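J.: The following block contains a protein sequence and its predicted model.
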Amino acid sequence: MEQNKEIRHYHHIGSDEELRSSYAFLREMERSGQIEVLPMLFDDLKQVIREYTHRLPEKSRIVEERGIDGYVELIEFEADSMEGAAAEFDAEYRREYSPTYYDCTGQRFTNWVKFFQRRGHWMAYHSVSVDI
């Protein structure tokens, strides 16, 4: 039987600020001689840094933050046509609101979407609101 090979890390890096802090921590470990004492911790942090810096670029990014009212994101599609981009948007990005008996559900839902072409790629601005 093959065992589960999922690697669990001691560290997590989710932003560039956390990346800078991790590098500072590595330098401090090197300076103080803690590498010999905690080699697994050091190696784990180096691996997490490597995974963060070599991750694939995201296909969408927030271009306008509206606080509790939501945000506008810019999405780049792999599609060669507007119809293909619209199908990809519907499959991966469209957010539908599901009515409930409760108020302030925190659900995200699509307000509007605008497709356009830039540098030969299909893209869209996607406005998302939050039920608060």
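T.: Structure received. Residues are numbered from 1 along each chain as shown.
J.: any idea how far the spatially closest residue to Glu78 that is not a sequence neighbour lies from Asp80?
T.: Closest residue to Glu78 apart from its sequence neighbours, by Cβ to Cβ, 6 or more residues apart in numbering: Glu88 at 6.9 Å. For every residue, glycine as well, the C-beta is placed using N, CA and C. Distance, Glu88 to Asp80, by Cβ to Cβ, to the nearest Å: 11 Å.
J.: More neighbours: which of the two?
T.: Higher neighbour count among Glu88 and Asp80: Glu88, with 17 against 11, using other Cβ atoms under 10 Å.
J.: My reading is that the more buried one lies in a strand. Confirm?
T.: No. Read with DSSP: H, G, I helix; E, B strand; the rest coil, Glu88 is helix and lies in no strand.
J.: and whichever helix in the chain runs longest, C-alpha only, in PDB?
T.: Longest helix of the chain, by residue count under DSSP state H: helix 16-32. Taking Å, rounded to 0.1, in the frame of the first residue of the first chain, the C-alpha atoms of helix 16-32 are listed here in PDB:
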ATOM      1  CA  ASP A  16       4.700  39.200   0.800                       C
ATOM      2  CA  GLU A  17       4.900  40.700   4.400                       C
ATOM      3  CA  GLU A  18       5.000  37.100   5.800                       C
ATOM      4  CA  LEU A  19       7.700  36.300   3.300                       C
ATOM      5  CA  ARG A  20       9.900  39.200   4.500                       C
ATOM      6  CA  SER A  21       9.300  38.100   8.100                       C
ATOM      7  CA  SER A  22      10.300  34.600   7.200                       C
ATOM      8  CA  TYR A  23      13.600  35.700   5.600                       C
ATOM      9  CA  ALA A  24      14.300  37.800   8.700                       C
ATOM     10  CA  PHE A  25      13.700  34.800  10.900                       C
ATOM     11  CA  LEU A  26      16.000  32.700   8.800                       C
ATOM     12  CA  ARG A  27      18.800  35.300   9.100                       C
ATOM     13  CA  GLU A  28      18.300  35.400  12.900                       C
ATOM     14  CA  MET A  29      18.500  31.600  13.100                       C
ATOM     15  CA  GLU A  30      21.700  31.600  11.100                       C
ATOM     16  CA  ARG A  31      23.200  34.400  13.200                       C
ATOM     17  CA  SER A  32      22.300  32.800  16.500                       C
END
